[in-house]
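Colleague: Build me a model:
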Amino acid sequence: MINSKPYFSNDKSPDNRSMIVGVIPARFASTRLMGKPLADIGGKPMIQHTYENALKSKLIHRIIVAVDDEKVAKVAKDFGAEVVMTSKDIPTGSDRIASVIKDFDDVKIVVNIQGDEPFIEGGMIDQAIEPLIFDQNVSVSTLAKRIDDLEDFNSPSIPKVVFDYHNFALYFSRSPIPYVRDAKTNLERITKGEIYKHIGLYVYRKDALLKYTKLKPTDLEQTEKLEQLRMLENGFKIKIVVTEYENLAVDTPEDLARARSYYKEYLKKKRS
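Modeller: Prediction:
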């Protein structure tokens, strides 16, 4: 984890603000939670929570909400976001982001901020960006956090990642990896082993993102239903930044109920 001063200042001048761009892809027709970007959490749509928390990044200089629905576009514009309409036919969030930034000549680094991460922290975003600022050999980075509870360990909706001694990803899976052979229980596995969950925040150099999104889906990607495996199968190196920040992604009605409960407790603590 890098703890250095930001390379870029955080002023909003036109010459500076486009160097690092965050894009929040917001797809309305989610299979498991229709209208997800507009789901209410404590009186605000989820996409507004994500946007306002992303603004707390000290390294991003411009944030765009990429939408495929007029209702989401109107809501995002009403709370002050810069909005770009994209086609409903775009298959993934990464493809949606690529369609937005491909003609932005001054963009150097692109941050994929998942629209279903309403409580994302500005510090998390900056941790993921920093490897691309300080090492020109890094073209893609993402976050991981050590698993410390059985629910995350057992959940196939939470991808796991293993990485090498230089913090480059070796593999992502919906299964718990690595397998701790000598452990007798799952609790022992997360205690004795170092098992990390992947947090789906990606940072790309622009050319790497455009190259990646032109590639066809790969075998492992289709087997695990994890698009980051397309990068590994095609030789991309993905830098893993280990974080202590927690995340709460909203993908199902059950996740939404947890997010609402979490936010209610957060407001109580803030007022006390």
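Colleague: With residue 45 as the reference, measure out to residue 68.
Modeller: 15 Å (C-beta to C-beta, to the nearest Å). Yep, even glycine has a C-beta here, placed from its N, CA and C like the rest.
Colleague: Over to residue 197?
Modeller: On the measure of C-beta to C-beta, residue 197 and residue 45 end up 26 Å apart.
Colleague: for residue 175, same thing?
Modeller: In terms of C-beta to C-beta, residue 175 sits 34 Å off from residue 45.
Colleague: more crowded one of these two?
Modeller: Counted by other C-beta atoms under 10 Å, residue 175 and residue 45 do not tie: residue 45 has more neighbours, with 22 against 9.
Colleague: For the residue lying closest to that one once chain neighbours are set aside, which residues are in contact?
Modeller: Spatial nearest neighbour of residue 45, chain neighbours left out: residue 38 (4.7 Å); criterion: C-beta to C-beta, 6 or more residues apart in numbering. Counting by C-beta atoms under 8 Å, 6 or more residues apart in numbering, residue 38 touches 28, 45, 46, 47, 71, 72, 75.
Colleague: The third one - how many residues pack around it?
Modeller: If you count neighbours by other C-beta under 10 Å, residue 46 ends up with 24.
Colleague: Also residue 239?
Modeller: 21.
Colleague: Quick one: the helices in the stretch 1-150 of the chain, in order.
Modeller: For the stretch 1-150 of the chain, the helices defined by DSSP state H, counting those that start in this stretch cover 14-17, 46-54, 70-78, 93-101, 122-134, 150-154.
Colleague: So residue 176, which state does it fall into?
Modeller: With DSSP: H, G, I helix; E, B strand; the rest coil as the basis, residue 176 sits in coil.
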